[in-house]
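> I need the structure of the sequence given here:
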Amino acid sequence: VQLQASGGGLVQAGGSLRLSCAGPGFTMRYYAIGWFRQAPGKEREGVSCISSSEGSTSTYYADSVKGRFTIFRDNVKNTVYLQMNSLKPEDTAIYYCATSCSGLPDDSWGQGTLVTVSS
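Just a heads-up that it's a prediction; the model follows:
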């Protein structure tokens with residue numbers, strides 16, 4: 001299982017980005033997918049998570065991103081997205097996706113995509 005994260009970039013405060021987490025070679029809808037981030041000098045933190053598509057879908061957001069970020073799936077494209085609006089400089093970090101909401105070492109992780117928000 002290998003995830004591919006993409007969509008990062010440089011954006012001004014108040015702007016938007018959409019991150020993508022693709023899973024070529026496996027069916028992502030059977031997995032919960034979590035987004036995590038790590039800013040320079042800080043520990044990695046959970047940002048958002050979406051449950052598997054088996055049964056009702058549930059989502060989780062860290063308090064710091066509630067109301068600004070939205071996680072959703074496109075099962076046809078086998079991709080999970082993180083729509084990030086109203087970005088703030090403190091959102092600057094490397095963003096990773098993983099095959100769980102817990103972010104365990106044994107999960108499959110994407111390579112990370114850098115988000116930089118300028119003030």
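> what's the spacing between the closest residue to Q12 other than its chain neighbours and I94?
Among residues not flanking Q12 along the chain, S118 sits closest, at 5.4 Å (C-beta to C-beta, 6 or more residues apart in numbering). Heads up, the C-betas are built off the backbone N, CA and C, glycines and all. As judged by C-beta to C-beta, to the nearest Å, S118 and I94 stand 16 Å apart.
> if you count what's nearby, which of the two comes out ahead?
Set side by side, S118 and I94 show more neighbours around I94, with 18 against 11, by other C-beta atoms under 10 Å.
> which one is the more buried one nearest to, not counting chain neighbours?
Leaving aside its sequence neighbours, I94 sits nearest to G112 (C-beta to C-beta, 6+ apart; 4.4 Å).
> I'd guessed the one you found sits against A93; true?
No. Counting by C-beta atoms under 8 Å, G112 stays clear of A93, with 9.3 Å between them.
> who's more crowded, these two?
Neighbours per residue (other C-beta under 10 Å) separate G112 from A93, with A93 holding more: 22 against 17.
> separation between the residue nearest to I94 and T59?
According to C-beta to C-beta, G112 stands 22 Å off from T59.
> and G34, by the same measure?
To T59, G34 is 11 Å away according to C-beta to C-beta.
> and the residue most central in space within the chain, what are its phi and psi?
Taking C-alpha atoms, centre = their mean, the centroid of the chain lies closest to W35, which sits 3.1 Å from it. Dihedral pair for W35: phi -110, psi 130, per degrees, to the nearest 10.
> list the contacts for it?
Residues in contact with W35 (C-beta atoms under 8 Å, 6 or more residues apart in numbering) are L19, C21, G46, V47, S48, C49, I71, L82, Y95, Y96, C97.
> what's the burial count for the third one?
Read that as G46. By other C-beta under 10 Å, neighbour count at G46 equals 17.
> now do the SS call for it.
strand (DSSP: H, G, I helix; E, B strand; the rest coil).
> same thing with the second one?
What three-state DSSP gives for C21 is strand.
> surely it touches T79?
Yes. Look at C21 against T79 with C-beta under 8 Å: they come within range, at 6.5 Å.
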